[in-house]
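In: pasted the sequence and its predicted model underneath.
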Amino acid sequence: MKTDWWIEYSVSQRSFHIARIGEGVSTNAKRFFDRPLSMGDWVPVFVGTRDQCETMVLQLERRLEREEEPKQWIH
């Protein structure tokens with residue numbers, strides 16, 4: 001079982017991205033060397049197999065939905 005995939009999350013885009021770890025690191029390194037002060041906000045949040053990452057994205061999306069549910073205040 002290979003855990004060579006990761007999930008990245010962007011707050012500004014409100015989006016998840018699954019990629020191979022090596023590709024993600026290469027992309028981030030290129031962004032850093034090209035534009036170190038404007039790299040974006042993609043943050044790794046999980047490492048696992050491709051299947052584990054796909055399952056985790058579903059769970060993380062549900063977690064975000066719960067966070068966005070309107071809060072009801074009782075006076």
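Out: Done, it's in.
In: do you know the pLDDT at residue 1?
Out: At residue 1, the model reports a pLDDT of 57.
In: contacts for stretch 57-73, please.
Out: 7, 9, 14, 16, 18, 45, 46 (Cβ atoms under 8 Å, 6 or more residues apart in numbering). To be clear about C-beta, it is placed using only N, CA and C from the backbone, and glycine gets the same treatment.
In: again, only this time at 10 Å
Out: The contact list for stretch 57-73 (Cβ atoms under 10 Å, 6 or more residues apart in numbering) reads 7, 9, 14, 16, 17, 18, 45, 46, 53.
In: got it, and stretch 6-19?
Out: 5, 20-28, 40-48, 50, 52-54, 56-58, 60-61, 64, 68.
In: swap in 7 Å and give it another go.
Out: Defining contact as Cβ atoms under 7 Å, 6 or more residues apart in numbering, one finds that stretch 6-19 is touched by 5, 21, 24, 40-47, 53-54, 56-57, 60.
In: which of the residues you listed sits closest to residue 33?
Out: Checking these against residue 33 by Cβ to Cβ gives residue 40 as the nearest, at 13.9 Å.
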